[in-house]
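K.L.:
predicted model, plus sequence, below.
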Amino acid sequence: MFCYQCEQTAKGTGCDKFGVCGKAPETSDLQDLLLYVAKGIGAVETRLRKMGQKNHEADIFVVEALFTTVTNVNFDNTRLIELIKKGEQILKNEVTKFESNSSEKLPQHCYFKLENDIDRQAENLNMAKDIEKFGPEAGGLYHLIIFGLKGMAAYADHAQVLGQEDDNVYAFFHETMDFLTKDSYTADELVGKSLKVGEVNIRVMELLDRANTGTYGHPEPTKIRISPLKGKSILVSGHDLKDLELLLKQTEGKGINIYTHGEMLPCNTYPGLKKYSHLVGNYGGAWQDQQKEFAEFPGAILMTTNCIQKPTDKYKHRIFTTGLVAWPDVTHIGKDKDFSPVINSALNEAGFENDGEEKFIWGGFGRNTVLSVADKVIEGVKAGAIKHFFLVGGCDGAKPGRNYYTDFTQMLPNDTIILTLACGKFRFNKLDFGTIGELPRLLDVGQCNDAFSAVKIALALADAFETDVNSLPLSLILSWYEQKAVVILLSLLHLGIKNMRMGPSMPAFIKPEVYKVLKDNFNLIPVTTPEQDIKDILGTDVELNNTY
């Protein structure tokens with residue numbers, strides 16, 4: 001195996017014996033084979049589409065294959081082999097269809113056949129072999145495209161589940177997978193394709209935003225309880241809103257309280273979800289703390305998408321997966337979405353014996369809310385009450401160095417506004433930053449899936465001040481961990497946003513030659529220290545906040 005797609009990768013260079021995420025070498029090999037099949041399907045579908053032939057099953061398969069290989073999604077070899085075999089059959093059927101109408105030679109990926117010796121078959125397909133083949137610069141850019149596609153596939157899958165699709169997006173997935181079957185590349189074409197991934201991802205994020213808000217309404221400012229209530233309980237983690245809704249419906253009247261965890265926190269702010277009285281709040285923080293938090297939670301746990309860690313014996317019997325997320329020997333809820341096993345598990349567990357001390361945080365400051373008070377925001381800027389905006393958000397993780405984001409937000413002057421989204425906010429979202437006028441200084445935009453909201457807020461402010469985003473008093477301080485953060489970065493780069501700071505470390509696949517391109521064109525900057533970065537942004541004479 002060789003994998004360096006996440007931020008915590010071994011020694012900052014790549015996992016080659018066992019994944020830091022918990023991915024075994026055999027699992028890594030199967031994921032490499034699954035991606036190989038998906039490239040073959042993309043190649044043949046691109047050609048069939050030129051003949052006017054489309055296959056929605058193939059469209060969905062490529063998206064699900066990419067999402068399945070995102071960090072912390074599927075660790076179950078049995079399910080991975082089932083997916084590979086399904087892709088192999090789709091590929092065989094589509095190649096037969098194509099060859100009956102054309103004599104064009106297809107890429108070798110189109111003739112994939114799963115062998116008994118999976119390790120041997122996967123030996124020449126891992127990321128290390130790509131680096132050997134293309135060199136460190138082109139290899140890193142090649143993987144940047146793949147990782148961006150994986151992140152985009154996650155967003156596309158969530159949108160599709162709620163009925164939002166775009167055939168042009170599926171066509172782009174296929175075309176890009178076909179592009180990845182080539183034998184050689186120039187750096188320019190790889191950079192160009194990376195930015196194109198970022199461009200198309202904006203459309204995908206728009207689809208997801210429409211899916212979520214069209215189904216459940218726009219998030220609205222909400223006080224979210226973060227302490228438990230007495231009674232039986234189920235904890236829902238991941239990202240999928242529809243899974244939560246289905247569980248809420250199936251648990252109505254059963255005396256079970258439903259809590260969100262991690263990136264599900266913003267679900268408490270959607271009118272269509274918070275109308276359920278037994279959705280009582282949020283429990284715990286970001287994904288990397290789940291082994292401790294899940295062990296202490298006295299009920300059943302449902303994982304809906306990525307972010308699963310190896311379950312410990314303390315809760316393995318009461319954790320369940322659904323959708324694309326899976327772990328060996330953990331009960332999986334299938335496409336029928338019958339959550340009876342989860343419900344029965346919750347009823348069999350003790351639940352919380354007493355109410356916890358009442359504690360709340362605010363959420364629900366999506367674009368609809370922020371733009372509804374845009375006049376007050378603009379007035380605050382013009383009057384000097386608001387000096388600067390900081391978007392501090394992205395993934396959280398276990399690797400040392402992430403206290404940077406806590407310290408950074410605490411040191412910001414009181415005349416600044418902090419926008420945040422994704423699970424990186426758990427580093428500081430329970431702190432009281434006060435207000436500027438009637439506006440809270442900390443505005444939680446939502447999940448990483450809500451990045452479109454943050455983009456729309458920035459673009460709307462730029463329009464209001466008759467300038468561009470780069471000329472706004474706005475700085476982006478990004479934290480990354482996995483591939484959804486990668487594709488959001490590509491989208492921001494496509495929009496031409498410059499001077500972003502990124503941490504806690506730069507990706508291992510962005511080699512010095514690649515970073516030079518990003519530095520020269522976009523001034524992408526690695527984070528240093530909170531003190532230095534704030535002074536570089538606001539000026540050396542700025543007075544740092546020392547009230548925390």
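P.N.:
Right, received. Where do you want to start?
K.L.:
wait, what's in contact with the most centrally placed residue in the chain?
P.N.:
Residue closest to the average C-alpha location in the chain (CA atoms, centre = their mean): Lys484, at 3.7 Å. Contact analysis of Lys484 by CB atoms under 8 Å, 6 or more residues apart in numbering lists Val70, Gly151, Ala154, Tyr155, Cys395, Cys448, Asn449. Glycine gets a C-beta too; all of them are placed from N, C-alpha and C.
K.L.:
buried ones only from the residues you listed, please, as a ChimeraX command.
P.N.:
This is how ChimeraX selects the buried members of the contacts of Lys484, with burial counted by 16 or more other CB atoms under 10 Å:
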select :70,151,154,155,395,448,449
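K.L.:
so Leu391, which state does it fall into?
P.N.:
strand (DSSP: H, G, I helix; E, B strand; the rest coil).
K.L.:
hmm, Ala454 and it touching each other?
P.N.:
Yes: the criterion here is CB atoms under 8 Å, and Leu391 meets it with Ala454 at 6.1 Å.
K.L.:
for the two, list the residues in contact with both.
P.N.:
Leu419, Leu421.
K.L.:
isn't Leu492 up against Leu476?
P.N.:
Yes: counting by CB under 8 Å, Leu476 is a contact partner of Leu492 at 7.1 Å.
K.L.:
who's more crowded, the two?
P.N.:
Neighbours per residue, other CB atoms under 10 Å: of Leu492 and Leu476, the larger number sits with Leu492, 25 against 22.
K.L.:
can you pull the contacts of that one?
P.N.:
If you count contacts by CB under 8 Å, 6+ apart, then Leu492 has Gly198, Val455, Leu476, Met500 around it.
K.L.:
now the third one. Nearest residue, chain neighbours left out?
P.N.:
Residue nearest to Leu476 in three dimensions, not counting chain neighbours: Met500, with 4.3 Å by CB to CB, 6 or more residues apart in numbering.
K.L.:
what's the neighbour count on the one you found?
P.N.:
Neighbours around Met500, by other CB under 10 Å: 18.
K.L.:
what distance do you get for it to Leu391?
P.N.:
According to CB to CB, to the nearest Å, Met500 and Leu391 sit 9 Å apart.
K.L.:
quickly list what's touching both of those two.
P.N.:
Leu476, Ile477, Leu478.
K.L.:
which parts of the helix or strand where Ile537 lies are buried?
P.N.:
When elements are assigned from DSSP states H and E, Ile537 belongs to helix 530-538. Neighbour-count burial for helix 530-538 flags Pro530, Asp533, Ile534, Ile537, Leu538 (criterion: 16+ other CB under 10 Å).
K.L.:
which of those residues sits closest to Leu34?
P.N.:
Distance to Leu34 across the buried residues of helix 530-538 (CB to CB) is lowest for Asp533, with 39.4 Å.
K.L.:
dump the residue contacts of that closest one.
P.N.:
Contacts of Asp533 by CB under 8 Å, 6+ apart are Phe408, Ile477, Arg501, Val527.
K.L.:
just give me the neighbour total for the first one.
P.N.:
Residue neighbour count, defined by other CB under 10 Å, stands at 23 for Phe408.
K.L.:
Thr260 and Asn268 touch, don't they?
P.N.:
Yes: with contact defined as CB under 8 Å, Thr260 counts as touching Asn268 (6.1 Å).
K.L.:
need the overlap of contacts for the two.
P.N.:
By CB under 8 Å, 6+ apart, the residues touching both Thr260 and Asn268 are Leu279, Gly281, Asn282.
K.L.:
give the buried residues for the least confident helix or strand in the chain by mean pLDDT.
P.N.:
Sorted by mean pLDDT, DSSP states H and E, the helices and strands of the chain end with helix 118-122, the least confident at a mean of 86. Using 16+ other CB under 10 Å as the test for burial, helix 118-122 gives Ile118, Gln121, Ala122.
K.L.:
so what does it touch, helix or strand wise?
P.N.:
helix 25-50 (3 or more CB pairs under 8 Å, 6 or more residues apart in numbering; DSSP states H and E).
K.L.:
out of the shared contacts of Thr260 and Asn268, who has the most neighbours?
P.N.:
Asn282 (25 neighbours).
K.L.:
quick one: contacts for that residue?
P.N.:
Applying CB under 8 Å, 6+ apart, the residues near Asn282 are Ile224, Arg225, Ile226, Tyr259, Thr260, His261, Met264, Leu265, Asn268, Ile361.
K.L.:
with Phe339 instead?
P.N.:
Applying CB under 8 Å, 6+ apart, the residues near Phe339 are Leu246, Leu247, Gln250, Thr251, Leu302, Phe320, Thr322, Ile333.
K.L.:
OK, contacts around the fourth one?
P.N.:
Put plainly, it is Thr251. Ile234, Ile258, His278, Phe339, Ile343.
K.L.:
how much space between it and Leu302?
P.N.:
Taking CB to CB, one finds Thr251 at 11 Å from Leu302.
K.L.:
give me the common contacts of these two.
P.N.:
In contact with both Thr251 and Leu302: Ile234, Phe339, using CB under 8 Å, 6+ apart.
K.L.:
on that earlier part again, any chance of the shared contacts of Thr260 and Asn268 in TSV, plus distance to Glu82?
P.N.:
TSV is the format used below for these (distance: CB to CB, whole Å):
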residue	distance to Glu82
Leu279	33
Gly281	37
Asn282	34
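K.L.:
still on that earlier bit, among the contacts of Leu492, name the ones in strands.
P.N.:
Residues of the contacts of Leu492 located in strands (DSSP state E): Leu476.
K.L.:
quick check: the farthest pair among the contacts of Leu492?
P.N.:
Gly198 and Leu476 (14.3 Å).
K.L.:
CA atoms of stretch 440-456 as PDB?
P.N.:
C-alpha atoms of stretch 440-456 as PDB (Å, rounded to 0.1, in the frame of the first residue of the first chain):
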ATOM      1  CA  PRO A 440     -22.600  37.600  17.200                       C
ATOM      2  CA  ARG A 441     -18.800  37.800  16.500                       C
ATOM      3  CA  LEU A 442     -18.800  34.000  15.800                       C
ATOM      4  CA  LEU A 443     -21.100  33.000  12.900                       C
ATOM      5  CA  ASP A 444     -21.400  29.300  12.300                       C
ATOM      6  CA  VAL A 445     -22.200  28.800   8.600                       C
ATOM      7  CA  GLY A 446     -22.600  25.000   9.000                       C
ATOM      8  CA  GLN A 447     -21.100  21.800   7.700                       C
ATOM      9  CA  CYS A 448     -18.200  21.500   5.300                       C
ATOM     10  CA  ASN A 449     -21.100  20.600   2.900                       C
ATOM     11  CA  ASP A 450     -22.200  24.300   3.400                       C
ATOM     12  CA  ALA A 451     -19.100  25.800   1.900                       C
ATOM     13  CA  PHE A 452     -21.300  27.200  -0.900                       C
ATOM     14  CA  SER A 453     -23.000  29.400   1.700                       C
ATOM     15  CA  ALA A 454     -19.700  30.900   2.700                       C
ATOM     16  CA  VAL A 455     -18.800  31.500  -0.900                       C
ATOM     17  CA  LYS A 456     -22.100  33.300  -1.500                       C
END
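K.L.:
what pLDDT does the model give the residue in the chain sticking out farthest from the centre?
P.N.:
For the chain, the largest distance from the centre (CA atoms, centre = their mean) belongs to Ser103, which lies 40.7 Å off. pLDDT, Ser103: 97.
K.L.:
circling back to that earlier point, can you tell me which of the contacts of Thr251 has the most neighbours?
P.N.:
Ile234 (28 neighbours).
K.L.:
you'd agree that residue is in a strand?
P.N.:
Yes: assessed with three-state DSSP, Ile234 lies in a strand.
K.L.:
bridged to it, which residues?
P.N.:
Ile258, Ala300 (DSSP bridges).
K.L.:
that concludes my questions; thank you for your assistance.
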